[in-house]
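> Okay, sequence plus prediction incoming.
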Amino acid sequence: MATKQLDTILKYELDNEKRCADQLKVAENEYQQNITRLQGVADYRLEYMKRLSQRAEQGLDSATYSHYHAFIAKLDTASAQVEIAMRQAKALVEQSKSIWLKQRQKVKAVELLRDKRLKKIAVAADRAEQKMFDEIATQQYIRRPVR
């Protein structure tokens with residue numbers, strides 16, 4: 001395979017690797033955002049529970065208690081939904097990482113093939129150059145004056 005073709009393939013595979021790396025970065029960002037969301041919901045739930053506790057110490061009617069309890073249930077539901085989204089994001093990160101690693105292997109394989117081809121071309125050029133020098137030396141030997 002010609003070096004030019006290998007260069008073209010390498011460029012194509014490098015572009016694919018960059019695309020895979022970008023997708024991995026997006027997936028990791030989404031995962032981190034979900035972790036932050038989950039922590040935010042948990043913090044807000046804790047703060048709301050503290051408020052409920054403070055209000056309960058002062059006395060609380062059943063309607064207000066029901067309101068607090070319903071809102072806490074909504075926060076629990078939101079937390080569960082964010083956990084699901086977080087697990088899905090984590091799975092996407094793992095999948096994207098696997099795809100990126102496979103693509104990285106392709107790039108390495110093409111680079112290795114290209115390097116071998118370049119080395120083969122260099123060896124052939126060195127041999128041709130040595131053959132030319134040998135031929136020049138032989139011609140000089142043949143043409144030298146006999147003493």
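Nice, thanks for sending it over. Everything numeric in this text was worked out from a predicted model, so none of it was measured.
> use CA for all of it now, contacts and neighbours both
Will do.
> what ranges do the strands span in this structure?
In the chain, no segments count as strands under DSSP state E.
> Show the secondary-structure elements that the helix of greatest length in it is packed against.
The longest helix of the chain (DSSP state H) is helix 62-143. Counting contacts by 3 or more C-alpha pairs under 8 Å, 6 or more residues apart in numbering; DSSP states H and E, helix 62-143 packs against helix 3-58.
> Can you give the distance of the helix it packs on from its chain's centre?
Per C-alpha atoms, centre = their mean, to the nearest Å, the displacement of helix 3-58 from the mean C-alpha position of its chain is 13 Å.
> same question, stretch 123-132
Taking the mean C-alpha point of stretch 123-132 and that of its whole chain, the gap between them comes to 43 Å (C-alpha atoms, centre = their mean).
> Output it as PDB - backbone C-alpha positions only.
This file holds the C-alpha atoms of stretch 123-132, laid out as PDB (Å, rounded to 0.1, in the frame of the first residue of the first chain):
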ATOM      1  CA  VAL A 123      15.800   0.700   3.600                       C
ATOM      2  CA  ALA A 124      15.200   0.400  -0.200                       C
ATOM      3  CA  ALA A 125      16.500   4.000  -0.700                       C
ATOM      4  CA  ASP A 126      19.600   3.200   1.400                       C
ATOM      5  CA  ARG A 127      20.200   0.000  -0.700                       C
ATOM      6  CA  ALA A 128      19.800   1.900  -3.900                       C
ATOM      7  CA  GLU A 129      22.200   4.600  -2.700                       C
ATOM      8  CA  GLN A 130      24.800   1.900  -1.600                       C
ATOM      9  CA  LYS A 131      24.400   0.200  -4.900                       C
ATOM     10  CA  MET A 132      25.100   3.400  -6.700                       C
END
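> Contacts only, for the residue nearest the centre of the chain.
Nearest to the geometric centre of the chain sits Ala21, at 3.5 Å (C-alpha atoms, centre = their mean). Residues in contact with Ala21, defined by C-alpha atoms under 8 Å, 6 or more residues apart in numbering, are 97, 100.
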